[in-house]
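I'd like to go over a predicted model; first the sequence, then the structure.
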Amino acid sequence: MVNLLRKDFIVLKSSLWIIPFYLAVFSIAFIPKSEMSMYLVGIYTAFGSIMLATMIDVKNHNHNFLVTLPISRKNVVQAKYLSTIFYTLFGVLSSFGIHYLVNMNFPGLHKPDFSVLDILVSIAMVLGLTSIYLPLFYALSKKGAGIINVVFLVALVILAQPFALLMNLASEEGMVTGQVIGIVTIGILLLFFGSYLLTVRLFAKKDL
């Protein structure tokens with residue numbers, strides 16, 4: 001399992017510069033203009049990193065090679081889901097760190113103070129998107145990976161503003177309570193685990 005995780009980062013080695021590039025571009029695009037920039041920068045960076053990793057798998061035919069090794073397809077999927085958690089944490093925590101520095105050095109931007117709850121919301125959003133994305137990726141693989149990425153990118157762009165408005169409304173109406181947070185957290189974790197089980201099933205049946 002550890003070696004499979006290392007594989008993901010090794011194949012990304014020549015493209016790792018793209019991830020901080022995402023972070024920089026999204027920060028420049030959202031921080032001056034959106035109160036919800038902490039969410040948007042973290043989610044876009046994390047999910048962009050996940051899509052980058054999957055596209056490199058397709059480009060290098062990594063799955064075709066991995067299934068010839070003495071490892072189970074279940075382990076291949078497990079490694080991918082674990083690596084997406086790392087990308088998610090990097091994107092979300094990096095966004096939080098950048099916004100913390102912006103609040104200290106550029107108070108004129110009037111960015112709201114962000115909390116641990118905001119970090120958890122961002123992580124939950126990425127895990128929710130990943131739970132839909134990875135089964136589709138493993139089901140369609142190289143035949144549909146490009147289309148899937150385009151669809152998800154368009155969806156993220158279209159849904160960015162409604163999401164920001166929804167978060168503002170929920171905050172103003174006091175809808176974000178401990179009970180709601182608990183229910184949503186359990187729901188996201190169940191969705192993520194269910195997605196993993198579905199992806200294992202799909203990949204096990206795939207002819208490579």
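Received it, and whenever you're ready, just let me know what you need. Residues are numbered from 1 along each chain as shown.

Which stretches in the chain count as helices?
2-11, 18-30, 37-59, 62-66, 73-105, 116-172, 178-205 (DSSP state H).

other SSEs contacting the last one?
Looking back up the chat, that one is helix 178-205. Contact here means 3 or more Cβ pairs under 8 Å, 6 or more residues apart in numbering; DSSP states H and E; on that basis helix 178-205 packs against helix 73-105, helix 116-172. To be clear about C-beta, it is placed using only N, CA and C from the backbone, and glycine gets the same treatment.

on that earlier part again, please indicate which of the helices of the chain has the most neighbours on average?
helix 37-59 (a mean of 23; mean count of other Cβ atoms under 10 Å).

okay, the helices and strands packed on helix 178-205 in a markdown table with distance to residue 15 and mean pLDDT next?
Formatted as a markdown table, the helices and strands packed on helix 178-205 follow (distance: least, Cβ to Cβ, whole Å; pLDDT from 0 to 100):
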| stretch | distance to residue 15 | mean pLDDT |
| --- | --- | --- |
| helix 73-105 | 13 | 89 |
| helix 116-172 | 15 | 79 |
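
looking at those, which is closest to residue 25?
helix 73-105 (12.3 Å; Cβ to Cβ).

got the angle for that closest one vs helix 18-30?
Here helix 73-105 runs at an angle of 40 degrees relative to helix 18-30 (axes from the mean of the first three to the mean of the last three Cα atoms, to 10 degrees).

got a list of what the nearest residue to residue 123 once chain neighbours are set aside touches?
Among residues not flanking residue 123 along the chain, residue 92 sits closest, at 5.3 Å (Cβ to Cβ, 6 or more residues apart in numbering). Going by Cβ atoms under 8 Å, 6 or more residues apart in numbering, residue 92 touches 42, 43, 46, 119, 122, 123, 126.

ok, 7 Å please
42, 46, 119, 122, 123, 126 (Cβ atoms under 7 Å, 6 or more residues apart in numbering).

so which of those residues comes closest to residue 196?
Taking Cβ to Cβ as the measure, residue 196 lies nearest residue 126 of the contacts of residue 92, at 14.9 Å.

What distance do you get for the closest one to residue 90?
As defined by Cβ to Cβ, to the nearest Å, residue 126 lies at a distance of 11 Å from residue 90.

between these two, what contacts are shared?
Common neighbours of residue 126 and residue 90 (criterion: Cβ under 7 Å, 6+ apart): residue 46.
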